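Give the three-dimensional model of this entry:
(one chain, ligands or ions: 2)
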Amino acid sequence: MKFHEMQPQEIAKAIQTDLQAGLSSSEVKKRREQFGWNELEAEEKQSALLLFFSQFKDFMVLVLLGATLISGLLGEYVDAIAIMAIVFLNGLLGFFQERKAEKSLDALKELSAPNANVFRDGKWVKIPSKELVPGDLIRFASGDRISADVRLLEVSSLEIEESALTGESVPTSKDISPIHEGNIGIGDMTNMAFMGTMVTRGSGKGIVIGTGMKTAMGQIADMLQSTETLMTPLQRRLEQLGKILIVVALLLTLLVVIVGVIQGNDLYTMFLSGVSLAVAAIPEGLPAIVTVGLSLGVQRMIKKNAIVRKLPAVETLGCASVICSDKTGTLTQNKMTVTHLWTSNQQYHVSGQGYEPVGSFYRNEKKIQPDQNEQLKMLLQFGMLCNHAELIQDKQHFRIDGDPTEGALLVAGMKAGYNKVKLLNEFKIIQEFPFDSTRKMMSIIVENRKGERFAITKGAPDVLIGLSESVLSDGVKQYVNLPWRKTLQTAVDSLAEQALRTIAIAYKPIHTKGRMLHEAEVEKELTFIGLQGMIDPPRPEVKDAILECKNAGIKTVMITGDHVITAKAIGKQLGILQPNSLVLDGAALQSMTVEALEEVVEDVNVFARVSPEHKLKIVKALQNKGHIVAMTGDGVNDAPAIKAADIGIAMGITGTDVAKESSALVLLDDNFATIKSAIQEGRNIYENIRKFVRYLLASNVGEILVMLFAMILALPLPLIPIQILWVNLVTDGLPAMALGLDQPEGDVMKRKPRHPKEGVFARGLGWKVISRGFLIGAATLIAFIVTYHQHPDQLAYAQTVAFATLVLAQLIHVFDCRSEHSIFSRNPFGNPYLVGAVLSSIVLMLVVIYFPPFQPIFDTIPIIPFDWLLIVAMASLPTFLLAGSFFVRKK
Ligand SMILES: Nc1ncnc2c1ncn2[C@@H]1O[C@H](COP(=O)(O)OP(=O)(O)OP(=O)(O)O)[C@@H](O)[C@H]1O
Ligand SMILES: [Ca+2]
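Ligands and ions are numbered 1, 2, ... in the order given. Next comes the predicted model:
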């Protein structure tokens, strides 16, 4: 018999699972050995060796190797070996950079791996999905992705979207009864749930019958998800730039070689110089360093609780101009406590803090017994019944498992002395209609001991008022006429004005038995019982974060399903709501076109009582206005807006799998302040990339120009090929890496957001690269000419001086690259990595010049101390000459 044909008990027996306790840890271990991990086999990863060799397939490296071969054939063994060594070192550096980038991306994948809710050793626990084994009992709810093949045991309005398997995008509604029609397809197995499919509504529980490759998903081999690493816009631009530079460098090389040969240099030397120059001119290390820069930034973001799922988001973050944030849990703490009750025209106050179920009830400052008041009792008890939350006590600390709103209702009932288990004995739950953010309510149907049935509905008060035909007042049902409507509305408003989140409770007798009801039949003609108002304090750090964003030119918009007045009150507390800002509610949004919304959207700071579906409209309107939008979300219905936003952000704690999968960024702590940190980091990463692009390109320009000038002036070559290669590797590589670790400049959060289309050379970068590069080249040439004049018979000495000048000029220039303003605007020794990199580059340069075994290889001659004056002066010139203009401008 197949699993879908069996009764739950039969399945449990067949697969040997105790439905009361789940699997034991020892049993799990055994089954893991038998069935393996619950994962789809991914493609083979590139081995370390392969990665190492892939470093040498670069075009320029091949040219270099060709040059080595020619040197070898011509008998220039020293040259050949030295070039080989440098190529090897270059490859090694590239290898380590790529390994590091890959490792941190792997770590990211690990962090965003899905979890499953499993019943083991008699307890519900959350584990990584990959640890599931056949026989495990798992549960899931709206927004979850099913992590194994499952035979369903319990469902509550469960609907699952199975398009990943069947191509059918309309969700299938699920039940648990056995199916006996012989041969059926996956789409018709309504009592099964399959790995990779998505719960769009309701909740369910089931027993795992297949894991890993032994699932319906595992059988479609080509479905295996290959994780694509997208390139960021900047990476793409740099790649294009790289291509242009290759052409430019090759042309220049050709020019240098031709001019050189015409002037009587021998062909071999000119060939080698040309190749070295081309190698030096092409920033082939740039893409790798950019990747490392990005991944270092990504790691810093993880430390700040932000996980980047799509690398391009790192850059887009720096461009964000609007953050649309959920209220509950992101701006506020999502720690709810009921403080006010309202029923029969009376307001009550509840004392106590947090989730500790200790507190008293007061009316007009006088303590009362809630048990004495029939209607208060109903309000509290029904709030507990229509409720999935559980209160958990760890030592002295109380916390909620489930929805905090429901947790607050549960605790309020417990303060009055009621016990949920006892209540469930009195009222049997027959049917349930789960909460969703569009209906904004939840209902259950219960049967009491006398066999009478009635529905209990709890939800947003404005919605419930509309659905009520009567209201309970001192035990009597009164028809909801206009005055009553006003009374109820005033009661809601007065709670909302105190920034309280309000929940209304209503009920209705049910006379139909024997068949399942539809929610539309139940959630109407209700009798209103009363209100519960709960506080949800703002997160303390959010107010400052919002202000910081404001200074950075980023507007914060609150989007909430909560009541307009509650939203306004919180918005005021947090500084989101400005005196002249607009508030829009879901009803208004519903009737607006995107175009109409565009007209006003820039003035709206609070959207209240919205459904998740409205978020997409808001994103679109803002984007049409030219904004780069960051949008948060957690539920299934938030996914389209998260996807459409420039930066989709999902909640790590309350977020569903679906929301996380659509997002570019996941907040581990659900905290708004983390978005701010991520944006700050995003800006910083971009600035750091600018820094080393600037450094590397200016260095390359300097190297090319010094050679080119010398050619034009009919001078001998100021640098020999091996020296150029050395500069390219050591002087350029290490400090550039260190720039990737630089701290943000003080004003990084005081600038306006960067324009997303901004080019690589925007904001004066192009000018800085050319001018500094030009000066570095000129200064090096001057040092060379002066020295050559003094020692016309010692070309190698003049070349050594030129080499030292070039290296030093770059190592001084690197400090200038740390600031968008001037080298003087920051403490030059503020980045210890950079200081370390520069010092080691200097030491390596000295070794090449003064350590005898290296002298024949690099053709260097020890420089006499006096000449260092010239070198240092010339090397400082490029940086300080133009930095001087900083003071001129500042005045
Ligand atoms: N578990 C629940 N049962 C019944 N009604 C609820 C429940 N949770 C929330 N509500 C009601 O539905 C409204 C909308 O809730 P929803 O979760 O969509 O938004 P929110 O959490 O208040 O705001 P945000 O979108 O900022 O997270 C709430 O204001 C509340 O009145
Ligand atoms: Ca919500």
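
Is T457 in contact with C386, as I believe?
Yes: with contact defined as Cβ atoms under 8 Å, T457 reaches C386; the gap is 7.3 Å. Just so you know, the C-beta spots here come from the backbone N, C-alpha and C atoms, and that holds for glycine as well.

ok, the two, which is more surrounded?
More neighbours surround T457 than the other of T457 and C386, with 29 against 26 (other Cβ atoms under 10 Å).

tell me the SS of the more buried one?
strand (DSSP: H, G, I helix; E, B strand; the rest coil).

For ligand 1, give me its nearest residue in the stretch 551-700 of the chain.
Closest to ligand 1 within the stretch 551-700 of the chain is G561: 2.4 Å, counting by Cβ to the nearest ligand atom.

So which residue of this protein lies furthest out from the middle?
In the chain, counting by Cα atoms, centre = their mean, D793 sits farthest out from the average C-alpha position, at 62.5 Å.

Let me know the pLDDT of it.
The score at D793 is 92. That number is its pLDDT.

my guess is it is in a strand, correct?
No: going by three-state DSSP, the assignment for D793 is coil, not a strand.

Can you name the residues of the stretch 501-650 of the chain that neighbour ligand 1?
Selection of the stretch 501-650 of the chain residues close to ligand 1 by Cβ under 6 Å from any ligand atom yields R501, I503, T560, G561, D562, H563.

Would you format those residues as JSON lines with distance to G218 included?
Formatted as JSON lines, those follow (distance: Cβ to Cβ, whole Å):
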{"residue": "R501", "distance to G218": "44"}
{"residue": "I503", "distance to G218": "44"}
{"residue": "T560", "distance to G218": "41"}
{"residue": "G561", "distance to G218": "38"}
{"residue": "D562", "distance to G218": "43"}
{"residue": "H563", "distance to G218": "47"}
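
give me phi/psi at I400?
Phi and psi for I400, reported as degrees, to the nearest 10, are phi -110, psi 130.

residue contacts, the residue lying closest to the residue of the stretch 551-700 of the chain closest to ligand 1 once chain neighbours are set aside?
Distances taken as Cβ to Cβ, 6 or more residues apart in numbering put S437 closest to G561, at 5.1 Å, once the chain neighbours are dropped. Applying Cβ atoms under 8 Å, 6 or more residues apart in numbering to S437 gives the contacts G561, S611, P612, G635, N637.

Touching, S611 and N637? I think so.
Yes: contact criterion Cβ under 8 Å: S611 and N637 qualify, at 7.3 Å.

Low-confidence ranges, the stretch 1-150 of the chain, go.
1, 42-46, 55-61, 63-64, 97, 101, 104-105, 107-112 (pLDDT under 70).

in it, which spans are strands?
115-120, 123-128, 137-141, 149-161 (DSSP state E, counting those that start in this stretch).

right, so of those, which gets closest to ligand 1?
strand 137-141 (12.0 Å).

ok, that closest one near ligand 1 or not?
No: Strand 137-141 lies out of reach of ligand 1 by Cβ under 6 Å from any ligand atom, never closer than 12.0 Å.

contact partners of that strand?
17, 19, 22-23, 116-119, 124, 132, 146-148, 150, 153, 193, 199, 202-208, 434.

partners of it, with directions?
Strand 137-141 has the following sheet partners, assigned by DSSP bridges: strand 115-120 (antiparallel), strand 198-210 (antiparallel).

Just send the ones you listed back as TSV, with mean neighbour count and distance to A875 too.
As requested, these are arranged in TSV below (neighbours: other Cβ atoms under 10 Å; distance: least, Cβ to Cβ, whole Å):
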stretch	mean neighbour count	distance to A875
strand 115-120	20	56
strand 198-210	23	62
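
TSV for these, including distance to N90?
What follows is these, written out as TSV (distance: least, Cβ to Cβ, whole Å):
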stretch	distance to N90
strand 115-120	43
strand 198-210	47
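
Nearest to T343, out of the ones you listed?
strand 198-210 (30.2 Å; Cβ to Cβ).

could you list every residue that touches the residue nearest to the spatial centre of the chain?
Centroid-nearest residue in the chain: L665, 1.7 Å away (criterion: Cα atoms, centre = their mean). By Cβ under 8 Å, 6+ apart, the contact set of L665 is 306-309, 313, 317, 630, 647-650, 675, 678.

10 Å - rerun?
By Cβ atoms under 10 Å, 6 or more residues apart in numbering, the contact list for L665 reads 301, 306-310, 313-314, 316-317, 630, 632, 642, 647-650, 652, 674-675, 678-679, 682.

mind checking how far the closest residue in space to it that isn't next to it in sequence is from L472?
Once flanking residues are discounted, L665 sits nearest to I649: 4.8 Å by Cβ to Cβ, 6+ apart. Distance, I649 to L472, by Cβ to Cβ, to the nearest Å: 43 Å.

Could you do W726 as well?
Applying Cβ to Cβ to W726 and L472 gives a distance of 88 Å.

Give me the more crowded residue out of the two.
Neighbour count, other Cβ under 10 Å: between W726 and L472, W726 has more, with 26 against 21.

That one against V807, yeah?
Yes: in terms of Cβ atoms under 10 Å, W726 counts as a neighbour of V807; the distance is 8.6 Å.

overlap in contacts of the two?
The contact sets of W726 and V807 overlap at D732, L844, M845, V848 (Cβ under 10 Å, 6+ apart).

what about the first one, how many neighbours?
Okay, so that is D732. Residues lying near D732 (other Cβ under 10 Å) number 26.
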